[in-house]
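# have a look at this prediction, sequence included:
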Amino acid sequence: MKFEIMIGILFELLSKKCVKAKYLAEKYEVSVRSIYRYINSLELAGVPLYTVRGNRGGFSIVDTYRLGSTFLT
């Protein structure tokens with residue numbers, strides 16, 4: 001289940017400019033704290049994420065990031 005959520009979060013980040021932790025927590029039916037753990041795991045895996053602070057903040061992924069051709073092999 002953890003891997004599925006992490007992949008889902010990754011695809012959300014790739015498709016949207018900025019994603020809030022609360023939105024992800026509601027979508028995947030986990031706590032906000034769990035979303036922070038998933039984000040941390042993605043960062044440790046080498047995904048270039050950054051946090052946008054403020055009222056319109058959330059998590060974003062670097063615009064130039066692309067999944068490699070061997071991502072799901």
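In hand now; what should we look at? Residues are numbered from 1 along each chain as shown.

# switch to C-alpha atoms for all contacts and neighbour counts from now on
OK.

# low-scoring pLDDT stretches of the protein, where are they?
1, 68-73 (pLDDT under 70).

# can you pull out the helices in this protein?
Listed from the start of the chain, the chain has helices (DSSP state H) covering 2-15, 21-28, 32-44.

# now the ones you listed in a markdown table, with distance to Tyr50 and mean neighbour count?
Below are these laid out as a markdown table (distance: least, Cα to Cα, whole Å; neighbours: other Cα atoms under 10 Å):
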| stretch | distance to Tyr50 | mean neighbour count |
| --- | --- | --- |
| helix 2-15 | 11 | 15 |
| helix 21-28 | 13 | 15 |
| helix 32-44 | 9 | 15 |
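
# possible to save those helices as JSON lines with distance to Ser60?
Shown next, in JSON lines, are the helices of the chain (distance: least, Cα to Cα, whole Å):
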{"stretch": "helix 2-15", "distance to Ser60": "6"}
{"stretch": "helix 21-28", "distance to Ser60": "11"}
{"stretch": "helix 32-44", "distance to Ser60": "10"}
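
# tell me the span between the first and last residue of stretch 13-31.
Taking Cα to Cα, to the nearest Å as the measure, stretch 13-31 stretches 18 Å from start to finish.
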